[in-house]
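Chemist: sharing a sequence plus its predicted fold:
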Amino acid sequence: MSPKELLYIEDALNHEKHMKSCCMQNADCLQDPALKNVVSDMAMKHQNLFDKLFQLL
């Protein structure tokens, strides 16, 4: 992989990590159980995307 491609993957990994963190923080603040589940599911999807990108390395 070229250095530019590695930087792109690093950015994508950091983005997914940040999005998971934001989702988890917001899920903790929510009172509505249904909405809390939706946001928690989004956090898990971002974790799965992070894992898939990391496996490419």
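Modeler: Ah, there it is.

Chemist: does Glu16 sit in a helix or strand, and which one?
Modeler: helix 3-29 (DSSP states H and E).

Chemist: tell me what angle whatever helix or strand comes next after that helix forms with helix 3-29.
Modeler: Next helix or strand after helix 3-29 toward the C-terminus (DSSP H and E): helix 33-56. Calculated by axes from the mean of the first three to the mean of the last three C-alpha atoms, to 10 degrees, helix 33-56 forms an angle of 160 degrees with helix 3-29.

Chemist: what is helix 33-56 packed up against?
Modeler: With contacts defined as 3 or more C-beta pairs under 8 Å, 6 or more residues apart in numbering; DSSP states H and E, helix 33-56 has these neighbours: helix 3-29. Where you see a C-beta, it was placed from the backbone N, CA and C, and this is true even at glycine.

Chemist: residues contacting the closest residue to Lys17 other than its chain neighbours?
Modeler: In this structure, Lys17 finds its nearest non-sequential neighbour in Phe50, 6.0 Å apart by C-beta to C-beta, 6 or more residues apart in numbering. Phe50 is in contact with 13, 16-17, 20, counting by C-beta atoms under 8 Å, 6 or more residues apart in numbering.

Chemist: Leu56 too?
Modeler: The contact partners of Leu56, taken as C-beta under 8 Å, 6+ apart, are Ile9.

Chemist: look up how far Ser21 lies from it.
Modeler: Leu56 is 21 Å from Ser21, where distance means C-beta to C-beta, to the nearest Å.

Chemist: next: Asp41.
Modeler: Asp41 sits 15 Å away from Ser21, going by C-beta to C-beta.

Chemist: show the buried residues in the contacts of Phe50.
Modeler: Buried subset of the contacts of Phe50 (neighbour count, 16 or more other C-beta atoms under 10 Å): 13, 16, 20.
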